[in-house]
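> Here is a sequence together with a model predicted from it:
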Amino acid sequence: QQPVQSPQAVILREGEDAVINCSSSKALYSVHWYRQKHGEAPVFLMILLKGGEQKGHDKISASFNEKKQQSSLYLTASQLSYSGTYFCGSFYNQGGKLIFGQGTELSVKP
Amino acid sequence: KAGVTQTPRYLIKTRGQQVTLSCSPISGHRSVSWYQQTPGQGLQFLFEYFSETQRNKGNFPGRFSGRQFSNSRSEMNVSTLELGDSALYLCASSLAGPGREQYFGPGTRLTVT
């Protein structure tokens, strides 16, 4: 039931764009995105409910394709502060538990 | 509002011992979830408590247990420690459960020797 994230790691230059994907083999109720900087706790980014909505957070946005049970996180014009590990979390039903993917390590270089 | 606090921040224990970790959620939050984080396994869900009741449990052995008090503070206990229990233990609080935005504490780094 653990969602699969890809890629596992990505290195960017400042100003470049990146996409992180999260796929589930089971029907999702919602997808959650968190970012964890080295040595810090994970921080909430956004939640996407089933329905294909797209959300934004500064220059970070995400979409949820209910048909494919897949979510994508878009980072545009990346900044050094975007570096960290991004986790998607799959939530399958109300009252259930949040299952995190393995994480995608993003490094933004000057 | 004060954030989620966890104590202690660091612990070193010996195999076979037991340990208790504590988590104080954000004021007003009734849900507390616990996660184990290791380099190889990522963030793994342990259990979630809401209003003193365990609502969900992950796939961990019975050596891992928890509880929640009436003030929403939560504790988790690991008995008969094994080397493989060395990890960062994170707790997260939310208003209604993990389906909502969660706020993570700084974690307790447990090392088992």
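Noted; the coordinates are in hand. Predicted model only: the values in this text are computed from it and were never measured.

> Show me which residues of stretch A:15-26 are buried.
Within stretch A:15-26, the residues that count as buried by 16 or more other C-beta atoms under 10 Å in any protein chain shown are A:A18, A:I20, A:N21, A:C22, A:S23, A:S24. Quick note: C-beta positions are derived from backbone N, CA and C, even for glycine.

> again, but for stretch B:89-107
Using 16+ other C-beta under 10 Å as the test for burial, stretch B:89-107 gives B:89-94, B:97-100, B:102-107.

> and if you look at stretch A:67-82?
Across stretch A:67-82, burial judged by 16+ other C-beta under 10 Å covers A:Q69, A:Q70, A:S71, A:S72, A:L73, A:L75, A:S78, A:Y82.

> For the residue nearest the centre of chain B, give me its contacts.
The C-alpha lying nearest the average C-alpha coordinate of chain B belongs to B:W34 (C-alpha atoms, centre = their mean; 3.4 Å). When contacts are counted by C-beta atoms under 8 Å, 6 or more residues apart in numbering or on different chains, B:W34 touches B:C23, B:F45, B:L46, B:F47, B:E48, B:G66, B:S74, B:M76, B:Y89, B:L90, B:C91, B:A92.

> which stretches of the chain form strands?
With no chain named, the answer covers chain A. Along chain A, the segments classed as strands by DSSP state E run A:4-6, A:9-13, A:18-23, A:30-36, A:43-49, A:54-57, A:60-65, A:70-75, A:84-91, A:98-100, A:104-109.

> wait, I meant chain B there
Listed from the start of the chain, chain B has strands (DSSP E) covering B:5-7, B:10-13, B:19-24, B:31-38, B:42-50, B:53-57, B:64-68, B:74-78, B:87-94, B:103-104, B:108-112.

> Can you mark which positions in the first one are buried?
To tie it back to what came earlier, the one meant is strand B:5-7. B:Q6.

> Ok, the last one next?
Burial within strand B:108-112, assessed by neighbour count using 16+ other C-beta under 10 Å, is assigned to B:T108, B:L110, B:V112.

> Redo those residues as JSON lines? Include pLDDT and distance to chain A.
Below are the buried residues of strand B:108-112 laid out as JSON lines (pLDDT from 0 to 100; distance: C-beta to the nearest C-beta, whole Å):
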{"residue": "B:T108", "pLDDT": "98", "distance to chain A": "11"}
{"residue": "B:L110", "pLDDT": "98", "distance to chain A": "16"}
{"residue": "B:V112", "pLDDT": "98", "distance to chain A": "21"}
